[in-house]
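Novice: Need coordinates for the below:
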Amino acid sequence: MKRFIIYVLSLMLLLNVAGCAKKEENKAEESSLKNYSELSNGTYSCDEHIYKYRFEISGRMPNAAKNSTFVYLSNLSEISFEQAWRASGLSSSLDDYFSEEDAILVDIK
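Specialist: Numbers count the residues shown, from 1 in each chain. This next block holds a predicted model:
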């Protein structure tokens, strides 16, 4: 009987410890261009890449009637509005675009 009680208590302890393990929670975001997830450590995941930052960059493009907002996930610490709109697909120069490791456009508002 003593062994049975020890067995049951050990099993309860094991299940309790296993149930307390920290689980990775992702917050999925749906956007107009690309879906991405915010990871529990504060980084972002999109297309199998991990990004440190999420930027909403707003401003007015030349000759535009209203402001635009570009949402980027990035490993760069800063992206200017001019860089954002040029890299969004509006530039004819390949030098204006980001590599996928540096930044990715996920939404335009």
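Novice: give the contact list for the spatially most central residue of the chain.
Specialist: Among the residues of the chain, the one closest to the centroid is Y44, at 2.1 Å (C-alpha atoms, centre = their mean). By C-beta atoms under 8 Å, 6 or more residues apart in numbering, the contact set of Y44 is Y36, S37, E38, I50, Y51, K52, Y53, R54, L73. To be clear about C-beta, it is placed using only N, CA and C from the backbone, and glycine gets the same treatment.
Novice: Try it again at 7 Å.
Specialist: The contact partners of Y44, by C-beta atoms under 7 Å, 6 or more residues apart in numbering, come to Y36, S37, E38, Y51, R54, L73.
Novice: With S58 instead?
Specialist: Applying C-beta under 7 Å, 6+ apart, we find S58 in contact with N67, T69.
Novice: okay, stretch 92-109 in PDB with CA atoms only?
Specialist: Coordinates of each C-alpha in stretch 92-109 appear next as PDB, following Å, rounded to 0.1, in the frame of the first residue of the first chain:
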ATOM      1  CA  SER A  92      12.800  51.000 -60.500                       C
ATOM      2  CA  SER A  93      16.200  50.600 -58.900                       C
ATOM      3  CA  LEU A  94      17.100  47.200 -57.300                       C
ATOM      4  CA  ASP A  95      19.400  49.100 -54.900                       C
ATOM      5  CA  ASP A  96      16.300  50.500 -53.200                       C
ATOM      6  CA  TYR A  97      15.000  47.100 -52.100                       C
ATOM      7  CA  PHE A  98      15.800  45.200 -48.900                       C
ATOM      8  CA  SER A  99      17.000  41.600 -48.700                       C
ATOM      9  CA  GLU A 100      14.600  39.300 -47.000                       C
ATOM     10  CA  GLU A 101      17.100  38.900 -44.100                       C
ATOM     11  CA  ASP A 102      17.000  42.700 -43.500                       C
ATOM     12  CA  ALA A 103      13.300  43.600 -43.900                       C
ATOM     13  CA  ILE A 104      10.100  42.500 -45.400                       C
ATOM     14  CA  LEU A 105       6.900  44.500 -46.300                       C
ATOM     15  CA  VAL A 106       3.900  42.900 -44.700                       C
ATOM     16  CA  ASP A 107       1.100  45.500 -45.000                       C
ATOM     17  CA  ILE A 108       0.300  48.800 -46.700                       C
ATOM     18  CA  LYS A 109      -2.400  51.000 -45.100                       C
END
